[in-house]
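Student: just to be clear, the model below is a prediction. Sequence and coordinates:
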Amino acid sequence: MLAVSMAAQVAGTVANGVAPFLIPYLHLEQGLSLADAGLIAAAPLAGTTVSLVAWGAIVDRLGERFAMTAGLAGITAACLLAAASSDRYLTLGAAFFVLGLFAASTNSASGRLIVGWFPAHRRGTAMGIRQTGLPLGVGATALLVPPLASAHGIATTMLVVSAICAAATLACGLLIVDPPRTPRATTADDRRAENPYRRDRRLVRIHAASALLVVPQFTVWTFMLVWLVDAKELSAAWAGAIVAASQLVGAGARIGVGWWSDRVGSRLGPLRQVAVAAAATMLLLGLTEPTWFAVAVMVAATGITVADNGLAFTAVAEIGGSTWAGKAMGWQNTGQYLVSVAVPPAIGLAVTEFGYAAAFAAVAVTPLLALPLVPREAVQAP
């Protein structure tokens, strides 16, 4: 279940991440402004944002196997639509929006598989491994998309991505087994009683903190490639290779903090430490941006800024319980994606007006704002 859910997350991330990695092609080769290219890059994020809670409800009602198989099948179809619309930017943006609608399925479903199949004292590590699907997917996209788009165009790129998603669809349909769950409440009073949002304010605070922590993550993910090409004058192939290699740092960071949370019996204590580290790293990136040392800082930022996701997801799923985990994770993702939709155009505009250094340094504020929102009480592993 861990391997299949991770593969599904990689495929969904590759599909959802194509648009941001088309920014250099659209901006530098096709002549779109950085703000317009950022709007196209935000389209799949917008689609994901509006459908996360719905996919969470589908997971809680119909199970992980159905949600992941149907969602990945929809991603495959949306990639084919994007390939057919590659020379019409308005239609291409609409296709990316549809892609995002279906990509939300892997976010809401695959994490629930880990919580369902692993005991509490192993969930942090298991969720960290599952969450490596995001940086590994971003790394694969960085290696695949820029050179493929530059050499063969958007249509061919999207056909290759559709093949990846079709393979993941088949794997989920054949191999996913839904984890056991507690019986659903039958009366209205029981359903209200099992609603974790009625009895636990920690969920809302974790959602809010995670939404702020996603700003540095999506800043780095969206603009690292174009920064390396534009400001450091590297080729698209070399820049993509650096981005891909840096994602291994992100994967290791997610596993490491998950293992740490299992050892200390808390998801939220380590989450606070990660927020402090993210603020310090983004500030350092802004201060060193004109130098080549900033490349090393950027690589470090790709690990630190994504390390919080697995911690927050595990805490939310544990608090939500088996009958609410899908919806709770849907709301968790919704808050993050609502903010992330604004990141590409907003940071693109900030870079245009003030430069990369000022934009990167300003992002350091958001983890500091998130810090007091993280609940003090820890989620203890038995």
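Tutor: On my side now, so go ahead.
Student: ok, and the closest non-adjacent residue to residue 204?
Tutor: The shortest distance from residue 204 to any residue other than its chain neighbours is 7.1 Å, reached at residue 197 (C-beta to C-beta, 6 or more residues apart in numbering). Using the backbone N, CA and C atoms, a C-beta is placed for each residue, glycine as well.
Student: helix or strand right after the strand or helix carrying that neighbour?
Tutor: Take DSSP states H and E as the rule and residue 197 turns out to sit in helix 196-199. Secondary structure here is assigned by DSSP H and E; on that basis, the next helix or strand after helix 196-199 toward the C-terminus is helix 202-230.
Student: buried ones in that following helix?
Tutor: Neighbour counts over helix 202-230 (16 or more other C-beta atoms under 10 Å) mark 202-203, 205-207, 209-230 as buried.
Student: which strands and helices sit next to the helix holding residue 197?
Tutor: helix 202-230 (3 or more C-beta pairs under 8 Å, 6 or more residues apart in numbering; DSSP states H and E).
Student: what helices and strands are in contact with the helix or strand that comes right after the helix it packs on?
Tutor: Next helix or strand after helix 202-230 toward the C-terminus (DSSP H and E): helix 236-264. Using 3+ C-beta pairs under 8 Å, 6+ apart as the contact criterion, the secondary-structure elements in contact with helix 236-264 are helix 120-131, helix 133-175, helix 202-230, helix 268-288, helix 293-304, helix 308-320.
Student: residue 50: which of these is closest?
Tutor: Evaluated over the helices and strands packed on helix 236-264, closeness to residue 50 peaks at helix 202-230, with 15.3 Å, by C-beta to C-beta.
Student: so the closest one versus helix 133-175, what angle?
Tutor: Angle, helix 202-230 to helix 133-175, by axes from the mean of the first three to the mean of the last three C-alpha atoms, to 10 degrees: 110 degrees.
Student: starting at the chain centroid, how far to helix 202-230?
Tutor: Relative to the chain's own centre, helix 202-230 is displaced by 9 Å; criterion: C-alpha atoms, centre = their mean, to the nearest Å.
Student: before we move on, the earlier item: wait, which of the helices and strands packed on helix 236-264 is closest to residue 10?
Tutor: Go through the helices and strands packed on helix 236-264 one by one with C-beta to C-beta and the one that ends up closest to residue 10 is helix 133-175, at 4.3 Å.
Student: what's the angle between the closest one and helix 308-320?
Tutor: Computed with the same axes, to 10 degrees, the direction of helix 133-175 lies at 50 degrees from that of helix 308-320.
Student: next, the angle helix 293-304 makes with helix 133-175.
Tutor: Note on geometry: by the same axes, to 10 degrees, helix 133-175 and helix 293-304 are set 40 degrees apart in direction.
Student: related to what we said a few turns ago, how many other residues sit next to the residue nearest to residue 204?
Tutor: By other C-beta atoms under 10 Å, the residues close to residue 197 number 15.
Student: contact partners for it?
Tutor: Counting by C-beta atoms under 8 Å, 6 or more residues apart in numbering, residue 197 makes contact with 203, 204, 328.
Student: with residue 29 instead?
Tutor: If a contact means C-beta under 8 Å, 6+ apart, then residue 29 has residue 150 as its contacts.
Student: turn the helices and strands packed on helix 236-264 into TSV, including distance to residue 61 and mean pLDDT.
Tutor: Below are the helices and strands packed on helix 236-264 laid out as TSV (distance: least, C-beta to C-beta, whole Å; pLDDT from 0 to 100):
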stretch	distance to residue 61	mean pLDDT
helix 120-131	22	84
helix 133-175	17	86
helix 202-230	20	90
helix 268-288	29	93
helix 293-304	36	92
helix 308-320	15	82
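Student: so which of those helices gets nearest residue 58?
Tutor: helix 133-175 (13.9 Å).
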